[in-house]
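Asker: requesting a structural model of the entry that follows:
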Amino acid sequence: MKKINPENFDLQPLAFSLSGFTLIEVLVALLVLTLVASAALESQIHSLKLENRMRVLQLFRFEIERIYSVTQRAKDPDELIRLLTGNGLCRVKSQPLIVEEGTNKTVLLKHTLDAGDEKSVSTEFYNRPSPGYGAAVGRPAK
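Answerer: Below you'll find the model as predicted:
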């Protein structure tokens, strides 16, 4: 068997290869990691915004159903105001509109819904109140 002579080995390249990564390699790895984390966070933020918007739209749907039900039950404007205030999940502003077509007058209610802290989300819709409400709108103030 051959004897290995330590003087024949060059230990310098071996020491250099075991020293680790170069600064450039570490910086490139950090850059790639930062880009991946940035894309993941952006996706998560977008997902949270969509979830919040869907929550607000669901809230509006429930509130519109409640308002429609209330306007069909209310017999006069005072009762309608009492039923609309304080029960809702979001801010509601309702106002009567009188539409005149020739000799016919039709009362519509315009409802504006606002999600409270959501400044960009609001909607409005119109509906006809119960028949007794239309006669009460033209009455003199108490």
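Asker: residues in contact with Tyr68?
Answerer: Listed by Cβ atoms under 8 Å, 6 or more residues apart in numbering, the contact set of Tyr68 reads Asn127. Placement of C-beta: from N, CA and C, glycine included.
Asker: and Cys115, how many neighbours does it have?
Answerer: Actually, residue 115 is Ala. It isn't Cys. Residue neighbour count, defined by other Cβ atoms under 10 Å, stands at 21 for Ala115.
Asker: whoops, I mixed them up, Asp114
Answerer: Neighbours of Asp114 under the rule other Cβ under 10 Å: 16.
Asker: following element in sequence after the host helix or strand of it, please.
Answerer: Here Asp114, judged by DSSP states H and E, is contained in strand 104-115. Going down the chain from strand 104-115, the next helix or strand is strand 118-127, by DSSP H and E.
Asker: what residues does that following strand touch?
Answerer: Contacts to strand 118-127, defined as Cβ under 8 Å, 6+ apart, come from residues 52-53, 56-57, 60, 64, 67-68, 71, 97, 108-115.
Asker: continuing past whatever helix or strand Phe60 lives in, what's the next helix or strand?
Answerer: Applying DSSP H and E as the criterion places Phe60 in helix 23-73. Downstream of helix 23-73, the next assigned helix or strand under DSSP H and E is helix 77-84.
Asker: shaky segments in the chain?
Answerer: 1-2, 6-19, 77, 85-89, 117-120, 131-142 (pLDDT under 70).
Asker: find the residue at the geometric middle of it.
Answerer: With distances taken as Cα atoms, centre = their mean, Arg53 lies nearest the centre of the chain, 2.0 Å away.
Asker: residues near the closest residue to it other than its chain neighbours, how many?
Answerer: For Arg53, ignoring the flanking residues on the chain, the nearest one in space by Cβ to Cβ, 6 or more residues apart in numbering is Val121 at 6.9 Å. When counting by other Cβ under 10 Å, one arrives at 18 neighbours for Val121.
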